[in-house]
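# Pasting a predicted model and its sequence here:
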Amino acid sequence: MEAIRAYHEAIYNQFTIQINNSVDEVRIFGKWGFAQRTYSGTLSPKDGEKPIHENGKALTIVQRMPDGSWKISHDIWNANN
């Protein structure tokens, strides 16, 4: 978990991020589910370098916890560019 946090902190320290998500499909199978989505956005480097435009697709897998809440189990994305 700490490695994931450190990875994301490094990204947010370097870029201002603007991302739009579109959920294309959601399915629930008992205590498991997924959301298939597409995204597009811009990562603007805080050092003034040229912005990076990105778009792609993603799959988020969730699991229902004993208390009834849903938690992300896996979050997988792939940029088209």
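Yep, it's here. Numbers count the residues shown, from 1 in each chain.

# What ranges does this protein have for its strands?
15-29, 32-45, 52-64, 70-79 (DSSP state E).

# Switch the ones you listed over to TSV; also include mean pLDDT, mean neighbour count and distance to E2.
Heads up, the C-betas are built off the backbone N, CA and C, glycines and all. Shown next, in TSV, are these (pLDDT from 0 to 100; neighbours: other Cβ atoms under 10 Å; distance: least, Cβ to Cβ, whole Å):
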stretch	mean pLDDT	mean neighbour count	distance to E2
strand 15-29	96	11	21
strand 32-45	97	15	23
strand 52-64	97	15	21
strand 70-79	94	11	17
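
# who wins for proximity to I4 among those?
Between I4 and these, the shortest gap by Cβ to Cβ is with strand 70-79, which sits at 9.7 Å.

# List the neighbouring strands of the closest one plus their orientation.
Sheet pairing for strand 70-79, assigned by DSSP bridges, gives strand 52-64 (antiparallel).

# returning to that earlier point: a markdown table please, covering the strands of the chain and showing distance to R5.
Below are the strands of the chain laid out as a markdown table (distance: least, Cβ to Cβ, whole Å):
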| stretch | distance to R5 |
| --- | --- |
| strand 15-29 | 16 |
| strand 32-45 | 19 |
| strand 52-64 | 18 |
| strand 70-79 | 14 |
